[in-house]
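Peer 1: next come a sequence and a model predicted from it.
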Amino acid sequence: MHAIILVGGRGTRLQPLTDTRPKPMLPILDRPFLEHQLRYLKSHGVTGVTFACGFMPGEITSYFGEGDRVGLRLNYVIEPEPLDTAGAIAFAARTLEPQRLLVCNGDVLTDLDVDQLVAAHEQYEATATIALTPVEDPTRYGLVRTGARDEVLAFLEKPTLEEAGDDRYINAGTYVLEPSVFELVPEGVRCNIEREVFPQLVGKGLHAIGFDGYWNDIGTFESYRRANADAAAGRIAGITPTERVDGRFIHPDAKVASGAEVTRSVVLAGAVVEDGAEVIDSIVLERAHVGREVVLEDVIVGEGAKVEAGERVERGAVVAPAAAAAANATT
């Protein structure tokens with residue numbers, strides 16, 4: 001099966017981390033998020049992937065190339081301008097032979113069962129099948145209401161608790177689509193699949209299947225920190241690095257002083273944590289430097305950034321990558 005992954009977004013909610021690389025290339029432990037996603041798709045029988053690119057495509061193409069690193073055939077298409085979700089999917093699909101496609105958002109870390117999703121799609125002879133995931137607070141999302149045969153009955157955008165009732169399942173950002181879906185997408189204009197395409201398919205072969213596995217949209221600092229913490233704690237199927245110990249991950253090429261304390265945190269390659277520093281529930285990205293006696297809690301230290309000895313860092317802060325800080329200093 002062939003997949004399309006949407007990787008064109010700017011990732012503005014993750015700035016300044018995304019000033020120097022696209023969101024899907026931010027690391028989850030020792031690999032870019034996108035590499036984890038590709039390995040997960042391969043484990044479910046995907047043989048080729050087309051990336052629908054937009055922002056900083058060179059960072060993705062230079063890392064993955066033709067796909068030897070992950071054992072997949074990789075293709076890249078670059079939107080001439082932002083086309084939104086349906087526009088980007090259709091733009092990529094039109095470069096391929098007409099076929100059934102798996103579509104994934106390039107910012108959702110999940111272990112949902114793709115095989116089960118495809119099997120349900122085939123069982124129902126569906127036109128499109130949406131994977132769903134449960135949330136505790138449905139008022140922040142768009143709910144998908146389904147019937148006895150998993151047919152989609154309605155979409156409820158940010159409902160009240162009364163409107164939601166017992167429904168808790170939202171769009172998980174993973175779909176199986178037949179070629180006829182792309183006929184609903186006009187060429188060369190912005191088009192949103194959730195708001196403009198799927199509603200047209202209600203009653204016309206649109207189904208949705210709920211999954212209770214791991215799901216995390218890494219589009220915010222809090223969710224990105226949580227994704228790394230969950231990976232370090234072994235909560236995500238398929239991510240089991242040998243360097244994971246007691247809920248923390250310290251890359252073998254990082255240098256952590258014996259007098260430093262690292263708790264439920266991730267310290268990546270080339271990073272340095274000096275004596276007396278405390279790193280708690282935080283991420284120290286590649287080649288970053290944490291000085292003596294620094295205390296970090298719920299902090300992300302960007303790639304190559306330096307926190308000087310004794311410097312006070314506010315809880316929940318994000319320290320800009322060195323390259324981004326240097327660029328801002330010259331503007």
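Peer 2: Thanks, I have the structure now.

Peer 1: just checking, next helix/strand downstream of the helix or strand of the chain with the lowest mean pLDDT?
Peer 2: None of the helices or strands of the chain scores lower by mean pLDDT, DSSP states H and E than strand 244-245, at a mean of 66. Next helix or strand after strand 244-245 toward the C-terminus (DSSP states H and E): strand 248-250.

Peer 1: name the residues that touch that next one?
Peer 2: 29-30, 228, 231-232, 241, 243, 256, 262-267 (CB atoms under 8 Å, 6 or more residues apart in numbering). Using the backbone N, CA and C atoms, a C-beta is placed for each residue, glycine as well.

Peer 1: please apply the same query to stretch 254-270.
Peer 2: Applying CB under 8 Å, 6+ apart, the external contacts of stretch 254-270 come out as 27, 29-30, 228-229, 232-233, 247-251, 253, 271-288, 290, 296.

Peer 1: and that stretch, how far apart are its ends?
Peer 2: From its first residue to its last, stretch 254-270 covers 5 Å (CA to CA, to the nearest Å).

Peer 1: what's the mean pLDDT across that stretch?
Peer 2: The pLDDT scores in stretch 254-270 average 97.

Peer 1: cool, stretch 120-130 as well?
Peer 2: Taken as a whole, stretch 120-130 has an average pLDDT of 98.

Peer 1: one step back: give me the buried subset of the contacts of stretch 254-270.
Peer 2: Using 16 or more other CB atoms under 10 Å as the burial test, the contacts of stretch 254-270 include 27, 29-30, 228-229, 232, 248-251, 271-274, 276-288, 290, 296 as buried.

Peer 1: so which of those are in strands?
Peer 2: When DSSP state E is applied, the buried ones among the contacts of stretch 254-270 are split such that 27, 248-250, 272-273, 278-280, 283-284, 290, 296 fall in strands.

Peer 1: closest one of these to Leu117?
Peer 2: Closest to Leu117 out of those is Pro27 (26.9 Å), distances taken as CB to CB.

Peer 1: contacting residues around the closest one?
Peer 2: Residues near Pro27 by CB under 8 Å, 6+ apart: Phe33, Asn228, Leu268, Leu285, Glu286.

Peer 1: next, count neighbours for Asp166.
Peer 2: As a burial measure, Asp166 scores 5 neighbours (other CB atoms under 10 Å).

Peer 1: got it, and the one 3 residues further on?
Peer 2: Tyr169 has 22 neighbours, counted by other CB under 10 Å.

Peer 1: could you do Lys306 as well?
Peer 2: As a measure of burial, Lys306 has 16 neighbours, counting by other CB under 10 Å.

Peer 1: tell me which residues touch the nearest residue to it once chain neighbours are set aside, please.
Peer 2: In space, and not counting its chain neighbours, Lys306 is closest to His289: 4.4 Å by CB to CB, 6 or more residues apart in numbering. Neighbouring residues of His289 by CB under 8 Å, 6+ apart: Ala271, Val272, Glu274, Ala305, Lys306, Val307.

Peer 1: hmm, back to that, out of the ones in strands among the buried ones among the contacts of stretch 254-270, who's nearest Pro186?
Peer 2: Nearest to Pro186 among these, counting by CB to CB, is Pro27 at 37.0 Å.
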